[in-house]
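>>> predicted model and sequence below, questions to follow.
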Amino acid sequence: MTANETKERLSRLKELLAEVSDLRNAGAVLYWDKQTQMPRGGAPARADHLTTIRRLAHERFTAPEIGELLAELEDYERSLPYDSDDASLLRVTRREYDQATRVPKDLVARMSQAGAEAYERWLVARSERRFGPFAPSLQQIVDLSRELGSALSGPGADPLDALIDLSEPGLTAAALDKLFAELRDGLVPLAGAISEKSSEGRDAPFRQRFEPERQLELARAAVGAIGFDLDDRGRQALSVHPFSTSFSPDDTRITTRTNENWLGPCLFGLLHEAGHGTYMQGIPVRFRRGPLGDGASAGLHESQSRLWENVVGRSREFWAFFLPVARAFFPAQLGSVTVEEAYVAANVVRPSLIRVEADEVTYNLHIMLRFELERAVFSGDLAVADLAEAWNDKVHSYLGITPPDDLTGVLQDIHWTERFGGSFQGYTIGNVAGVALYKKAAEANPGMEQDWARGDFSSLLGWMQTNVHAHGAKFKPEEVLRKATGDGLTAGPYLDHIREKYTGLYDLDA
C-alpha cells in the first residue's frame, strides 16, 4: 500500500471515529441534562432518546468498514513507534472494536432502555427508603450485565473479568482480590486503633449550619483555586449523586450536592469531581472526536479526583491557604476556627454509612463490600432479592454499624442503575494510584506542599498534565503508572501515606 493510500485510509478511519464520538457525546449531553435539570415527566422520552443514540453509536462503531480499515492499516501501525499518536489510535481502536463487535446491537439498546427505567425506579425506591421498588429493575440490570460479560468473554470465562476490563483494561478479579487483601490487612488494624481514640467533636467546625448557596460559592472558589476552569471550559450543577462528564476538553461539567448542616459533602464532593474535570481539561485537543480523547481508565480518572479531594483538599497546607477564604464566606461559623482545627475536622475517621462521605481510612472498605457482593451475585451465591440484607451484614462486619434503612444502604449509589459489576474497583485503584502519583510529583517539585499553603497548586497540576493527562487514552493504566512512577499498581505507598498521616492525627503508637 502506498503512502497516499495509507494516508487516505487513516483519514477515513478518523472520520468514521469522529462521527461515533459525536454521537456518544450527544448522548452524554442528554444524560447530563437528565441528571441535573430535566423534569421527571421527561424520563420516558429521554430513555428513548438515549437508547436511539447509543444504538446508533454502537452500529457506527461496529460497522465492517472500520474493521476493514484496521486490518488494512496493520502494517502501518507496526512501522510506527509504540507511543506515537497514530499507533496508539489504531491499537486502542482495535481493542475497543474487538470488544464492541462481540456485543449484539439489540443488547446495547436493551441495556440503555433498562438503565433509564432502572434510574426512575431507583429514585422511587430512594424516596420510600426501601429496596423493594428497585429490586425487579436491578434484577434486569444484573441479567443484562451477565449477558454483556458473557458476550465479551466467551464460554467458560468469568463474565466479571470482562466487565472489569471494560473500565480497567488489563485488570482481573483475581488481581483485585490480591490488592484488596493487602489493603484490608493494612487498613482494618489502623481503623481499629483509631476507633479507640475519641473522634467526638473533632469535626464540629464543619458540622454547623452552612447556607447551601454559599456552600456552592465556596466550593466553586476551591475548585477554581486548584486549576479547574469554571469560567470558559467548565460548568457546575447540583445532582442527586455527584458526577462529572465531558464532551471535549473545552466543555467539562461537574456536579455536587449540599447538606445544610455539614460543609464536607459539598466542598469535598466538588473537589473530587473537579479532579476528574482537570483530567479532561488537560487532555490534548488533538485527541478530540476520537478514542484517545478520554482518560486511561476509570481508576486513573479516580486517581485525579481522590488526589485533589483527599491528598490536597484534606492537607494542612490546603487549609492554611483556604481557611481565610472560607471565613470570608462563613464568618460566624468559621471566624474563630484555627488552621489546625480545620485540618483535624477535614480528617475525622468515623465509620459511616455513605461511601461518598467516608473518610480516607475506611473508604476502601466500602468498595470491598460492593465488589464482594457483585462477585457473590455473579457466582450465584447471592440472589438479587437478598442484596439489601447482605449489604447490611457486610457493612456491620466491616464497619461495625448497620444502616437504619435502604436509602443509607443498598440504594445509595447510582452505578447499579446502569450496569452491575466491574465499576466500583476504580475508586480504590484511584486512591492507591493517586498517592503514588502524588509522591512522584513531590519528588520532582521540592517544596510543592508549601506552595499549596500560598494557594499555588500549579506545580502539582502541571506535573499531572504532563505525566497523566497528556497521554489521554493512548496507554493502558498500568503503562501510564509505570511511565509516571516507575512502578505498577501496588498498595505500599498508599498504606505508608495513610499510616503516617493518621498516626500523627490520632497520636497513635508508630
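Structure's in. What do you need? Numbering: from 1, shown residues only.

>>> Ala57 and Ala28 touch, don't they?
No. Between Ala57 and Ala28 there is no contact under C-beta atoms under 8 Å: 10.6 Å. (Each C-beta comes from the backbone N, C-alpha and C, glycine too.)

>>> neighbour-wise, which of the two wins?
Counted by other C-beta atoms under 10 Å, Ala57 and Ala28 do not tie: Ala57 has more neighbours, with 21 against 17.

>>> list the buried ones in stretch 25-39?
The neighbour-count check on stretch 25-39 (16 or more other C-beta atoms under 10 Å) flags Asn25, Ala26, Gly27, Ala28, Tyr31, Trp32, Lys34, Gln35, Thr36 as buried.

>>> quick check: Trp416 vs Gln140, distance?
As judged by C-beta to C-beta, to the nearest Å, Trp416 and Gln140 stand 11 Å apart.

>>> which residue of those two possesses the greater neighbour count?
Neighbours per residue (other C-beta under 10 Å) separate Trp416 from Gln140, with Trp416 holding more: 26 against 20.

>>> which ones are touching the more buried one?
Ala118, Leu138, Ile141 (C-beta atoms under 8 Å, 6 or more residues apart in numbering).

>>> taking the centroid of this structure, which residue is nearest it?
Centroid-nearest residue in the chain: Glu302, 4.4 Å away (criterion: C-alpha atoms, centre = their mean).

>>> what's the helix or strand that contains it in contact with?
Assigned by DSSP states H and E, Glu302 belongs to helix 298-306. Helix 298-306 has contacts (C-beta under 8 Å, 6+ apart) with 167-168, 171, 244, 272-276, 278-279, 295, 423, 425-431, 433-434, 437, 464, 468, 477, 480-481, 489.

>>> and that helix, what's buried?
For helix 298-306, by 16+ other C-beta under 10 Å, it's Ala298, Gly299, Leu300, His301, Glu302, Ser303, Gln304, Ser305, Arg306.

>>> what about the last one, distance to Glu77?
What that stands for is Arg306. For Arg306 relative to Glu77 (C-beta to C-beta), the value is 34 Å.

>>> could you pick out the longest helix of the chain?
Under DSSP state H, the helix in the chain containing the largest number of residues is helix 3-36.

>>> and the helix holding Glu302, how far out from the chain middle?
Helix 298-306 sits 6 Å away from the centroid of its parent chain (C-alpha atoms, centre = their mean, to the nearest Å).

>>> that one: what's the following helix or strand?
Following helix 298-306 toward the C-terminus (DSSP H and E): helix 316-329.

>>> for the helix or strand following that following helix, what is the distance to the chain centroid?
Along the chain past helix 316-329, the next helix or strand (assigned with DSSP H and E) turns out to be helix 331-334. Chain-centre distance of helix 331-334: 33 Å, with C-alpha atoms, centre = their mean.

>>> what is helix 331-334 packed up against?
If you count contacts as 3 or more C-beta pairs under 8 Å, 6 or more residues apart in numbering; DSSP states H and E, helix 331-334 packs onto helix 316-329.

>>> and the helix it packs on, what's its mean pLDDT?
The average of the pLDDT scores along helix 316-329 is 98.

>>> under a three-state scheme, what state does Ala237 occupy?
strand (DSSP: H, G, I helix; E, B strand; the rest coil).

>>> for the residue lying closest to it once chain neighbours are set aside, give me its contacts.
Computed as C-beta to C-beta, 6 or more residues apart in numbering, the closest residue to Ala237 that is not its neighbour in sequence is Thr36, at 4.2 Å. Listed by C-beta under 8 Å, 6+ apart, the contact partners of Thr36 are Ala237, Leu238, Ser239, Thr255.

>>> picking up where we left off before, what's the overlap in contacts for Trp416 and Gln140?
Shared contacts of Trp416 and Gln140, counting by C-beta under 8 Å, 6+ apart, come down to Ala118.

>>> looking at this, Tyr502 is in a strand?
No. With three-state DSSP as the criterion, Tyr502 is helix rather than part of a strand.

>>> dump the residue contacts of it.
Tyr502 touches Leu190, Ile194, Asn347, Val349, Glu360, Val361, Leu508, counting by C-beta under 8 Å, 6+ apart.

>>> roughly how far apart are it and Tyr97?
From Tyr502 over to Tyr97 the distance is 46 Å, taken as C-beta to C-beta.

>>> just Leu107 next, same as before
If you go by C-beta to C-beta, the gap between Leu107 and Tyr97 works out to 16 Å.

>>> which strand or helix spans Phe247?
Applying DSSP H and E, one finds Phe247 within strand 244-248.

>>> to clarify, my last question referred to Glu374.
Going by DSSP H and E, Glu374 is part of helix 363-379.

>>> run through the residues that contact the nearest residue to His415 once chain neighbours are set aside.
Distances taken as C-beta to C-beta, 6+ apart place Ser423 nearest to His415, at 4.9 Å, with adjacent residues excluded. Applying C-beta under 8 Å, 6+ apart to Ser423 gives the contacts Leu163, Ser167, Ala298, His415.

>>> cool, Thr252 as well?
Arg233, Gly234, Arg235, Ser244, Thr245, Ser246, Gly277, Met280, Gln281.

>>> again, only this time at 7 Å
Residues counted as contacts of Thr252 (C-beta atoms under 7 Å, 6 or more residues apart in numbering) are Arg233, Gly234, Ser246, Gly277, Met280, Gln281.

>>> can you put the contacts of Ser423 in TSV and add pLDDT and distance to Asp177?
Shown next, in TSV, are those (pLDDT from 0 to 100; distance: C-beta to C-beta, whole Å):
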residue	pLDDT	distance to Asp177
Leu163	95	15
Ser167	91	17
Ala298	95	18
His415	93	20
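
>>> most neighbours of all those residues, which one?
Most surrounded of the contacts of Ser423: other C-beta under 10 Å gives Leu163, at 24 neighbours.

>>> please, which helix or strand holds it?
With DSSP H and E as the test, Leu163 turns up in helix 159-167.

>>> what element comes up after that helix heading to the C-terminus?
helix 173-195.

>>> next, the buried residues of the helix or strand following that following helix.
The helix or strand immediately downstream of helix 173-195 is helix 212-226, counting by DSSP H and E. Going by neighbour count (16+ other C-beta under 10 Å), the buried part of helix 212-226 is Gln215, Leu216, Leu218, Ala219, Arg220, Ala221, Ala222, Val223, Ala225, Ile226.
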